[in-house]
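K.L.:
sequence below, structure please.
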Amino acid sequence: NNLQHKLLRLPEVKSTTGLSKSSIYARISEGTFPKQIPLGTRLVVWVESDIQKWISEQISTAKG
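P.N.:
Residues are numbered from 1 along each chain as shown. Modelled structure (predicted):
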């Protein structure tokens with residue numbers, strides 16, 4: 001349901017994942033982190049559910 005989508009800005013993504021800005025963008029470049037969505041010339045956001053899914057995948061991978 002598209003009405004459920006919450007958008008996160010970079011500081012929220014950093015605090016949620018524990019990753020630095022440079023780590024986030026490096027992982028995006030590698031294709032291992034959800035891509036940001038541009039909302040303006042200087043504003044990007046991430047979909048919260050994409051970030052939560054990524055976290056779940058990291059946990060699953062770590063636990064084998």
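
K.L.:
give me the element the spatially closest residue to V13 that is not a sequence neighbour is part of.
P.N.:
Leaving aside its sequence neighbours, V13 sits nearest to W46 (CB to CB, 6 or more residues apart in numbering; 5.3 Å). (Each C-beta comes from the backbone N, C-alpha and C, glycine too.) Taking DSSP states H and E as the definition, one finds W46 inside strand 43-47.

K.L.:
what's the average pLDDT for that strand?
P.N.:
Across strand 43-47, pLDDT averages out at 97.

K.L.:
direction included, what does that strand pair up with?
P.N.:
Strand 43-47 sits in its sheet next to strand 7-8 (antiparallel), strand 37-40 (antiparallel), going by DSSP bridges.

K.L.:
out of these, flag the one nearest I51.
P.N.:
Closest to I51 of the strands paired with strand 43-47 is strand 7-8 (CB to CB; 6.3 Å).

K.L.:
so which of the strands paired with strand 43-47 comes closest to K63?
P.N.:
strand 7-8 (24.9 Å).

K.L.:
after the closest one comes which helix or strand?
P.N.:
Using DSSP H and E, the helix or strand that follows strand 7-8 in sequence is helix 10-17.

K.L.:
need the residues that contact that next one.
P.N.:
With contact meaning CB atoms under 8 Å, 6 or more residues apart in numbering, helix 10-17 is reached by L8, L19, S20, K21, I24, V44, W46, I51, W54, I55.

K.L.:
if we use 6 Å, what do you get?
P.N.:
Helix 10-17 has contacts (CB atoms under 6 Å, 6 or more residues apart in numbering) with W46, I51.

K.L.:
now do the helix or strand following it: everything it contacts.
P.N.:
Next in sequence after helix 10-17, counting helices and strands by DSSP H and E, comes helix 21-30. With contact meaning CB under 6 Å, 6+ apart, helix 21-30 is reached by F33, K35.

K.L.:
return the set of buried residues in helix 21-30.
P.N.:
Using 16 or more other CB atoms under 10 Å as the test for burial, helix 21-30 gives I24.

K.L.:
nearest residue to the middle of the chain?
P.N.:
The residue lying closest to the centre of the chain (CA atoms, centre = their mean) is I51, at 4.1 Å.
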